[in-house]
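Undergrad: no sequence for this one, just the structure:
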């Protein structure tokens, strides 16, 4: 007789299927909204795609949505095919959707993913065994796009560089995680920084100019935040009405910080979806009423990308404590409040494990430091690394953990 499967395990794939449905919906909306969908999408795919390139400006808003939907659908299908049902797989899908508004494309991303699959095969594993690392590794998509369209060596060198980058990321990410003991959610982003800095040094050494473009942003409608809020409220209602145990799961997420980081496993798809909705509304509040910035393509992509971590490692109280520290830093820094500053505020939530592992005070300190580090770290890689915030949060998490250990913090000594 077959052993019954626990209900939570049976329903876990729902989150990935919902992410696939979300991606397809984004793609269809983009096609309808674009005045010239194919020409605009082609312009996006021919762009070098360096950090903070607004694809809504390069093509048009509809084409940016199409690119994001295609990237997300590819990621979701690969995650489903791999059999990985962890919350971090869902996080990877939403990171792909979000960053496809300002840097990722399915073509350049596919090269990185193939490289990660090759590494799995050479290690004697199934080709898609490490596909989640490959999905996160698409943060190096500009390495492929830039070499292919902005250098004389073109696609052959771009494909070679992308395959090598994807190939080494699995082993590199295992090494970097030891530095900060899991206190940085964007571990693959930090690992990718080593590849990006090395690649940027070679590119510049060969006499090629490599700099992130000046910020040219397409204007989104004033009601954009309101529409986005409606999306998150709808997600909350969907969870509460159709998924049993959602509220209990969400309460467990809020009240049991520092426990299992896989919130999809710990609270079920309903609780994780409510957490997704809550974190989305928190991000909107920080961007709108608190920082007072307008919605743009990169900022929309950031909100989507960040909310994916509601399925793995990001709880409301921890993310608020880190962003509180960041907002305090914005009050004393000389950097003017801008879209980039608002994006980094949301990405600072990668340091949520610092709040849960070491305490809210350390979390606020981590958020405070993040603003100053992230505003300077991009110069090292010239925009080849889309997860510049992951680079920064890795540096901050390592420094905070080392300081806490030096101060003989018992919680730090136990990590």
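TA: The structure has been received and is ready for your questions. These numbers were taken from a predicted model, which means no experiment stands behind them.
Undergrad: And residue 314, its phi and psi?
TA: Here is the backbone geometry of residue 314 (degrees, to the nearest 10): phi -110, psi 110.
Undergrad: burial of residue 38, as a residue count?
TA: Here the neighbour count serves as a burial measure; for residue 38 (other Cβ atoms under 10 Å) it reads 11. C-beta coordinates here come from the backbone N, C-alpha and C atoms, glycine included.
Undergrad: Over to the one 10 residues further on?
TA: A count of nearby residues for residue 48, using other Cβ under 10 Å, gives 23.
Undergrad: Spit out the contact partners of the closest residue to it other than its chain neighbours.
TA: Taking Cβ to Cβ, 6 or more residues apart in numbering as the measure, residue 48 lies nearest to residue 146, with 4.3 Å between them; neighbours along the chain are not counted. In this structure, residue 146 makes contact with 48-50, 158, 203, 210, 384, judged by Cβ atoms under 8 Å, 6 or more residues apart in numbering.
Undergrad: Highest neighbour count among those residues?
TA: In these, the most neighbours by other Cβ under 10 Å go to residue 384, 35 neighbours.
Undergrad: can you count the residues close to the closest residue to that one other than its chain neighbours?
TA: With Cβ to Cβ, 6+ apart as the criterion, residue 384 has its nearest non-adjacent residue at 4.5 Å, and that residue is residue 196. Each residue near residue 196 was counted by other Cβ under 10 Å, and the total is 27.
Undergrad: follow-up on the earlier one: which element is the residue nearest to residue 48 on?
TA: Here residue 146, judged by DSSP states H and E, is contained in helix 141-150.
Undergrad: Mind listing what's buried along whatever helix or strand comes next after that helix?
TA: Downstream of helix 141-150, the next assigned helix or strand under DSSP H and E is helix 154-180. Neighbour-count burial for helix 154-180, counted by 16 or more other Cβ atoms under 10 Å, picks out 158-159, 161-170, 172-173, 176-177, 179-180.
Undergrad: Tell me the helices and strands packed up against helix 154-180.
TA: Under the contact definition 3 or more Cβ pairs under 8 Å, 6 or more residues apart in numbering; DSSP states H and E, helix 154-180 sits against helix 106-122, helix 131-137, helix 141-150, helix 187-205, helix 388-406.
Undergrad: low-confidence ranges in the stretch 201-350 of the chain?
TA: By pLDDT under 70, the low-scoring segments of the stretch 201-350 of the chain are 214-215, 258.
Undergrad: mind listing the helices for it?
TA: Across the stretch 201-350 of the chain, reading from the start of the chain, the helices by DSSP state H, counting those that start in this stretch fall at 224-242, 246-255, 263-285, 297-307, 316-332, 339-347.
Undergrad: got the contact list for the fifth one?
TA: Meaning helix 316-332. Taking contacts as Cβ under 8 Å, 6+ apart, the residues outside helix 316-332 that touch it are 253-254, 257, 275, 278-279, 282, 286, 290-291, 337, 341, 344-346, 348-349, 351-356, 360, 363-372.
Undergrad: rewinding a little: nearest to residue 311 among the helices and strands packed on helix 154-180 would be which one?
TA: Counting by Cβ to Cβ, residue 311 lies closest to helix 131-137 out of those; the figure is 12.1 Å.
Undergrad: any idea how far that closest one is from the chain center?
TA: Its chain's C-alpha centre lies 11 Å from the corresponding centre of helix 131-137 when counted by Cα atoms, centre = their mean, to the nearest Å.
Undergrad: Let me know which of the helices and strands packed on helix 154-180 is tucked in deepest.
TA: With neighbours defined by mean count of other Cβ atoms under 10 Å, none of these is more surrounded on average than helix 131-137, at a mean of 27.
Undergrad: any residues touching that helix, and which ones?
TA: Where contact means Cβ under 8 Å, 6+ apart, the residues beyond helix 131-137 that reach it are 75, 78-79, 82, 84, 86, 88-89, 92-93, 95-96, 112-113, 115-117, 120, 165-166, 169-170, 173, 188-189, 192, 387.
Undergrad: still on that earlier bit, only whichever of the contacts of helix 316-332 are buried, select them in PyMOL.
TA: Command for PyMOL, covering only those of those found buried under the criterion 16+ other Cβ under 10 Å:
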select buried, resi 253+254+257+275+278+279+282+286+290+291+337+341+344+345+346+348+349+351+352+353+354+355+356+360+363+364+365+366+367+368+369+370+371
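Undergrad: In strands only, show me the contacts of helix 316-332.
TA: The subset of the contacts of helix 316-332 located in strands under the criterion DSSP state E is empty.
Undergrad: Nearest residue to the middle of the protein?
TA: Central residue of the chain (Cα atoms, centre = their mean): residue 95, 3.7 Å from the mean position.
Undergrad: Spell out the residue ranges of the helices in the stretch 1-150 of the chain.
TA: 7-11, 13-33, 37-45, 55-58, 61-82, 87-99, 106-122, 131-137, 141-150.
Undergrad: Which among those is found nearest to residue 271?
TA: The minimum distance between residue 271 and the helices of the stretch 1-150 of the chain falls on helix 7-11, with 9.8 Å, by Cβ to Cβ.
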